[in-house]
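Engineer: build the 3D model from these lines:
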Amino acid sequence: MVNYMERDGWSVHCLAEDARTPISPYVDVAGLPTLIRLMRYVGAADEEIEQVHADIRRWSRGSVYIALASGRKNLLRIRPPFNSGLV
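Structural biologist: Below is the predicted model of the structure:
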């Protein structure tokens, strides 16, 4: 799950499938166009991008589940949850 919010610019962070366990630090994003490009880069489909736009119009923040494209989690700084047993 990728969470995004506007607070002195845009910030993004990721949560594990349980929607509670942080798996990345907050990453600052230059602006909304950059946020959308980042989402597309990591694997967001048109449907997810539409959800991002709708959430931003309503609340200036939101969350979206994205099936990450292979090898593209580097920009989000994703690390496995410490208690999952994943390496």
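
Engineer: ok, residue 17 touching residue 1?
Structural biologist: Yes: counting by C-beta atoms under 8 Å, residue 17 touches residue 1, with 7.4 Å between them. C-beta: built from backbone N, CA, C; applies to glycine.

Engineer: which one of the two has more residues nearby?
Structural biologist: Neighbour totals were compared for residue 17 and residue 1, and residue 1 leads with 16 against 11 (other C-beta atoms under 10 Å).

Engineer: burial measure for the residue nearest to residue 31 when sequence neighbours are not counted, as a count.
Structural biologist: Leaving out its chain neighbours, the residue that sits closest to residue 31 by C-beta to C-beta, 6 or more residues apart in numbering is residue 10, at 6.5 Å. For residue 10, the neighbour count with other C-beta under 10 Å is 21.

Engineer: was I right about residue 10 contacting residue 26?
Structural biologist: No: applying C-beta under 8 Å as the test, residue 10 and residue 26 come out as separate, 10.2 Å apart.

Engineer: mean confidence score for stretch 64-73?
Structural biologist: The pLDDT scores in stretch 64-73 average 85.

Engineer: please consider this matter closed, and thank you.
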